[in-house]
Structures are given as C-alpha cells and as structure tokens.
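Engineer: Compute the structure for the input listed below.
(one chain, ligands or ions: 1)
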Amino acid sequence: MTERDVVIIGAGPAGLACATKLKEIGINDVLLIERERKLGGILNQCIHDGFGLHNFKETLTGPEYIERYLEKLYKLDVEILSDTMVVNLFPDKSMILSGPWGREKIRAKAVVLAMGCRERTAGAIWLAGTRPAGIYTAGVAQRLMNIDNYMVGNEVVILGSGDVGLIMARRLVLEGARVLMVLEKLPYSSGLPRNIVQCLEDYDIPLYLKTTVKKVYGKRRIEGVEYVRLDDEGKPIPGSEKFVKCDTLLLSVGLIPENELSREAGVALHPVTGGPIVNDTYQTNIEGIFAAGNVLHVHDLADMASMEGELVAEFAKKYLEGNLPKVDSWIDVKAGAGVRYVLPHKVSRKIDVNFLFRVSEPSRNRYIIVRDGNRIIKRRRVINLHPAVMENIRVKADEMKDASSLEVMVE
Ligand SMILES: Cc1cc2nc3c(=O)[nH]c(=O)nc-3n(C[C@H](O)[C@H](O)[C@H](O)COP(=O)(O)OP(=O)(O)OC[C@H]3O[C@@H](n4cnc5c(N)ncnc54)[C@H](O)[C@@H]3O)c2cc1C
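Structural biologist: Have a look, this model is predicted:
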C-alpha cells in the first residue's frame, strides 16, 4: 500500500487552495483527488462573475477563478488524480480509490476533507403531488444550462430563496424564460441581500415570503403548482391557496455537506452544520484528518472556502512536523443568543482564532460578543446581521488564555 504525506479529497476551491498552499510552504508529497474529470468543483458551472474579490481583488467568473488556481497548481507540479473517487475512508487514514484504471488502497499521514456539499431535493422536503418532469434542483438546472447548453423551461417558479436559486432566476430571464415568482417559507430570504437586489429586484421578479408550494400538478410534465401563505408558526393558512401555471419548478432549499466518507472514518459531525466538528486547527476528532470548505459548513463565498483550504494547509504542515500545540484540555465554544452555529467548535486557547458564525435571524445595530461566563473578552458593533452572511470575530490566544468557557453571542 502506498503511503502519502497529505491526501486532499475534492478539488473545488477549498481543495485546490489547500494543495497549492501546501506545496508553497514546502510539503512536497501532496496528492489531490477529484472524482470529476475537470478540477474546480461547483465553480465550473458558475459562469456569472463576482468571484475572487477577496483573494484576487478583482471580479471573476467561476471558471476564471478556478483557472487562477490551476495555473499555480500546474506550476507547482501538484500530483493530481482526477476522474478518481475516494469510495472508502478508514480511521487509520487509509482509503480506497476507484478510477478508470481500477481500484487502489493508499494511506496518508494527513487527510484533508474538501468534498463540498450537495443540494436538498424534492424528496428531502416532502413535496406533495405528482412527480412529473420539469422539477430540478437549482444546481442541476445551473449545470444543464451553463455546461450542457440545455434550456430547462419557459415558465418557472422557484421554491426557496437560497443563493443558487436567486442566481438561476436571473440566468433564466437572460436566456428568455419567464420567472413567475420565488417562494420562501421564512419571513426573510435565505440568500445574500446583494443577490436579492441583483437577481430579483433588477428583473422585477416577485419574492413571496412566508409562502410555500403546497402541491405539484402535472402528469408527464409539470403543469402548475398550488402555493400557500404560512402563519407565524410556519403552518399553512387555510383559504390562502393559489394556483399558478408553470412548466418548471426549481428547488433552492438548502445545501448538505457531503460527509459519507467522514462518517465512515468515524469523524464526529455537528448537528447544525452537518459538517465535521473541528478544533482551532481545523482537525476533526480523528488525529490527522482535517476539513475545509463546504464539507465543513456551507460558505456563501467561494473565496472564503479557498481561504479555509489555505489555513488548513498551514495546520496540516505543522501536524506533519509535530509542531501543533500540545493540548491538555479543550474548551467547547457555545453558540449563544442569536447565533445558529460557531466554528471552530473547540479551542485550545494556545493560538489566535477567527471565529466564523451565522446568526439565527436578521437584525440591526447589535453587538457581537465573545464571553467567558460574565467576562466579556471581545465586543464589536455591527450595523446589519443576516443569516445568509457568514460573520467573523477574531480573538487572540492571549485574550482567551484564562477562559474556562467560551460563548459567541449577539446582543
Ligand atoms: C449547486 C451549487 C451552486 C453554487 N453556485 C454558486 C454561485 O453561483 N456563486 C457562488 O458564489 N457560490 C456558489 N456556490 C457555492 C460555492 O460553489 C462554494 O462556496 C464553493 O464551491 C465551495 O468550495 P468547496 O471546494 O468546498 O466545494 P466544491 O466546489 O463543491 O468542490 C468539492 C469537490 O469535491 C469533489 N468530491 C466530492 N466527493 C469526492 C470523493 N469522494 N472523491 C473525490 N472527489 C470528491 C467534488 O466532485 C467537487 O469537485 C454553489 C454551490 C452549489 C452546491
């Protein structure tokens, strides 16, 4: 069985950034594995611009953004196995690969999980009614239109206001379809505020909040949907049902980190993010298995997934060299009032930490607070908070060194 220093599973923005960084900082034995023929992950189908503002200080399309990393990757001579899927991952960091050449078992000293996420489907949301053609997840429609040049429909209803759905609303209009409405069960959109403006308002596409699809109609092809208003508890309001004729329904109802391999290896997963539980070195409960990007928690910006990949590269190098801090006791970081989840989940208090978190609901003029019991360690004023936007607050090791508990909250 071949032994490798670092194996990265998944060559999206997180895996590519991790692989290039590892090479740049002197780790030579790096193997990047990707199940698709083409490297780049989801960004290959994201042909709109807006990528790279943080990492390259310019606005790029998804494929252009990936190209920047590929140039570096080839220059640094990173070893790549594409068209190859990791089908099993074991706790001793051995794994089985399957590719056109057959199957092989290899082992790594360090593994970086960078498998991204997948979309929730009609089955996952218990959509009532028939199952005709014309129902797509927004990401599948994005792939069909942007890569396969296949127009998915003409009269479209979108269920869910996640970013992929919003971006597809604009894309469909640009390709000549009519997007009749976007329905969202929450009292606010689950997409980025800038996407609401640029993808819906600029194209006069109505967004109906606290509204959902009650039933799908159609035999061979979808013919329409019945939608209904929801009360404050999220229950359908009787009598508020309406029917709209359409030939396509797009679902943008959430992304799920792809963690079958992590689970098989015994990696503990977080109930809210669906991704691995990690400490402040982005290491999971299995020593030497790290995680970065959407497999860990769903990012709204690919730039951030790449930055996480680079950060993990630094920690994986320290791990290989035996230079990670020795830790006797970890502190669990609690998501306090107004916070849905915080990452990392455990801190040693020996290194500086940039806490990443999402709030539970939109609000204005608040303070983000990191505290140890009643002692406030850090406090920062914010004007706008929205669940679709990932927030962060940095805390230095020195500021946490005497802490016996840690909580990130909004006040
Ligand atoms: C459908 C969809 C559409 C999106 N559209 C946009 C958008 O328009 N704009 C935007 O800003 N953001 C968008 N995002 C979010 C953005 O793409 C992500 O933030 C970013 O791609 C995350 O990077 P990643 O490397 O973590 O994951 P990914 O880009 O998903 O890459 C993960 C890679 O891992 C590979 N992989 C998974 N399992 C295995 C395995 N077992 N073996 C080998 N390889 C494996 C996958 O094939 C994939 O290439 C979208 C996300 C999704 C899911």
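Engineer: can you tell me which helix or strand residue 73 belongs to?
Structural biologist: Using DSSP states H and E, residue 73 maps to helix 62-75.
Engineer: mind listing the helices for the stretch 301-411 of the chain?
Structural biologist: 302-320, 397-400 (DSSP state H, counting those that start in this stretch).
Engineer: Which of those has the highest mean neighbour count?
Structural biologist: Ranked by mean neighbour count under mean count of other CB atoms under 10 Å, the helices of the stretch 301-411 of the chain are led by helix 302-320, which reaches a mean of 23. (C-beta placed from N, C-alpha, C; glycine too.)
Engineer: Do any residues in that helix lie close to the ligand?
Structural biologist: Yes - shown here: helix 302-320 in contact with the ligand (CB under 6 Å from any ligand atom) through 302, 305.
Engineer: could you dump that helix to CSV, C-alpha only?
Structural biologist: Extracted in CSV, the C-alpha atoms of helix 302-320 (Å, rounded to 0.1, in the frame of the first residue of the first chain):
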residue,chain,number,x,y,z
ALA,A,302,-16.0,30.6,-2.7
ASP,A,303,-13.1,32.9,-1.7
MET,A,304,-13.7,32.0,1.9
ALA,A,305,-13.7,28.3,1.1
SER,A,306,-10.3,28.8,-0.5
MET,A,307,-9.0,30.8,2.5
GLU,A,308,-10.1,27.9,4.7
GLY,A,309,-8.2,25.5,2.5
GLU,A,310,-5.1,27.6,2.8
LEU,A,311,-5.4,27.8,6.6
VAL,A,312,-5.8,24.0,6.8
ALA,A,313,-2.6,23.6,4.7
GLU,A,314,-0.7,25.5,7.4
PHE,A,315,-2.1,23.3,10.2
ALA,A,316,-1.5,20.1,8.2
LYS,A,317,2.1,21.1,7.7
LYS,A,318,2.5,21.7,11.5
TYR,A,319,0.8,18.4,12.1
LEU,A,320,3.2,16.5,9.9
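Engineer: tell me the angle that helix makes with helix 62-75.
Structural biologist: Following axes from the mean of the first three to the mean of the last three CA atoms, to 10 degrees, one obtains 30 degrees for the angle between helix 302-320 and helix 62-75.
Engineer: ok now helix 302-320, how far from the chain's centre?
Structural biologist: Computed by CA atoms, centre = their mean, to the nearest Å, the chain-centroid distance of helix 302-320 equals 16 Å.
Engineer: any idea of the mean pLDDT for that helix?
Structural biologist: For helix 302-320, mean pLDDT rounds to 97.
Engineer: elements contacting that helix?
Structural biologist: Helix 302-320 sits against strand 2-9, helix 13-24, helix 62-75, strand 102-113, strand 289-291, with contacts defined as 3 or more CB pairs under 8 Å, 6 or more residues apart in numbering; DSSP states H and E.
Engineer: Now the stretch 151-300 of the chain against the ligand: closest residue?
Structural biologist: residue 293 (2.4 Å; CB to the nearest ligand atom).
Engineer: and that residue, how many neighbours?
Structural biologist: Residues near residue 293, counting by other CB atoms under 10 Å, number 33.
Engineer: quick one: which of the helices of the stretch 301-411 of the chain is nearest residue 379?
Structural biologist: Smallest distance to residue 379 across the helices of the stretch 301-411 of the chain (CB to CB): 11.5 Å, for helix 397-400.
Engineer: Can you pull the residues of this structure lying near the ligand?
Structural biologist: Residues of the chain lying close to the ligand (CB under 6 Å from any ligand atom) are 9-15, 33-36, 41-43, 46, 85-86, 114-117, 119, 139, 142, 164, 167, 255, 258, 261, 293-295, 299, 301-302, 305.
Engineer: where in the protein is pLDDT low?
Structural biologist: For the chain, no stretch is flagged by pLDDT under 70.
Engineer: relative to its centroid, which residue of it is most remote?
Structural biologist: Within the chain, the residue lying farthest from the chain centre (CA atoms, centre = their mean) is residue 239, at 37.3 Å.
Engineer: Now do the SS call for that one.
Structural biologist: Following DSSP: H, G, I helix; E, B strand; the rest coil, residue 239 is assigned to coil.
Engineer: picking up where we left off before, wait, which of the helices of the stretch 301-411 of the chain is closest to residue 58?
Structural biologist: Taking CB to CB, helix 302-320 is the member of these nearest to residue 58, at 11.4 Å.
Engineer: Between helix 13-24 and that closest one, find me the angle.
Structural biologist: Angle of helix 302-320 versus helix 13-24, following the same axes, to 10 degrees, is 40 degrees.
Engineer: from the middle of its chain, how far away would the helix or strand hosting residue 194 be?
Structural biologist: Using DSSP H and E, residue 194 falls within helix 193-195. Chain-centre distance of helix 193-195: 17 Å, with CA atoms, centre = their mean.
Engineer: After it, which helix or strand is next?
Structural biologist: Sequence-wise, the next helix or strand downstream of helix 193-195 (DSSP H and E) is strand 207-208.
Engineer: thinking again about what came up before, what would the helix holding residue 73 look like as PDB? C-alpha coordinates only.
Structural biologist: The C-alpha trace of helix 62-75 is given here as PDB (Å, rounded to 0.1, in the frame of the first residue of the first chain):
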ATOM      1  CA  GLY A  62     -16.300  30.800 -11.500                       C
ATOM      2  CA  PRO A  63     -14.200  29.200 -14.300                       C
ATOM      3  CA  GLU A  64     -11.800  32.200 -14.400                       C
ATOM      4  CA  TYR A  65     -11.400  31.900 -10.600                       C
ATOM      5  CA  ILE A  66     -10.500  28.200 -10.900                       C
ATOM      6  CA  GLU A  67      -8.100  29.000 -13.700                       C
ATOM      7  CA  ARG A  68      -6.000  31.200 -11.400                       C
ATOM      8  CA  TYR A  69      -5.600  28.200  -9.000                       C
ATOM      9  CA  LEU A  70      -4.900  25.700 -11.800                       C
ATOM     10  CA  GLU A  71      -2.100  27.900 -13.200                       C
ATOM     11  CA  LYS A  72      -0.400  27.800  -9.700                       C
ATOM     12  CA  LEU A  73      -1.200  24.100  -9.300                       C
ATOM     13  CA  TYR A  74       0.500  23.100 -12.600                       C
ATOM     14  CA  LYS A  75       3.500  25.400 -12.000                       C
END
